[in-house]
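S.K.: Got a predicted structure plus its sequence, pasted below:
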Amino acid sequence: MTPFPMTSSAADYGFLTHDSFVNCAEPVRRFSESEIRGQLLADLGRIRGRLGATTIAEIIRAVQNATTISPYHKSLIFRFLAGVFLD
């Protein structure tokens, strides 16, 4: 499986200006959940749109199958996705 599971194009998401990809091979940089929420709440204009359930499911599957992400980091990613995107 490719580490970039987001197959939706900009045409599928009105808030995207071009096709985008999610790297699910490794966490790039760790931020605490409170840091991310704080940054978003400080400037709500940074929120461009919401990913669809199908795209989120693709991301979750890719992270589950990634051999390059530790179980600890996987659990953090899943908890964050559940808390932010599925609320």
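M.R.: In hand now; what should we look at?

S.K.: where does residue 84 land on pLDDT?
M.R.: pLDDT recorded at residue 84 is 60.

S.K.: ranges for the helices of this protein?
M.R.: For the chain, the helices defined by DSSP state H occupy 33-42, 53-65, 71-84.

S.K.: most neighbours per residue, which of these?
M.R.: helix 53-65 (a mean of 16; mean count of other C-beta atoms under 10 Å). Just so you know, the C-beta spots here come from the backbone N, C-alpha and C atoms, and that holds for glycine as well.

S.K.: With just CA atoms, put that one into CSV.
M.R.: Written as CSV, here are the backbone C-alpha positions of helix 53-65 (Å, rounded to 0.1, in the frame of the first residue of the first chain):
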residue,chain,number,x,y,z
ALA,A,53,-15.5,9.7,6.0
THR,A,54,-14.1,7.6,3.1
THR,A,55,-10.9,9.6,3.0
ILE,A,56,-10.5,9.3,6.8
ALA,A,57,-11.1,5.6,6.6
GLU,A,58,-8.3,5.4,3.9
ILE,A,59,-5.9,7.3,6.1
ILE,A,60,-6.7,5.0,9.1
ARG,A,61,-6.1,1.9,7.0
ALA,A,62,-2.8,3.2,5.7
VAL,A,63,-1.6,4.1,9.2
GLN,A,64,-2.7,0.7,10.5
ASN,A,65,-0.7,-1.0,7.7
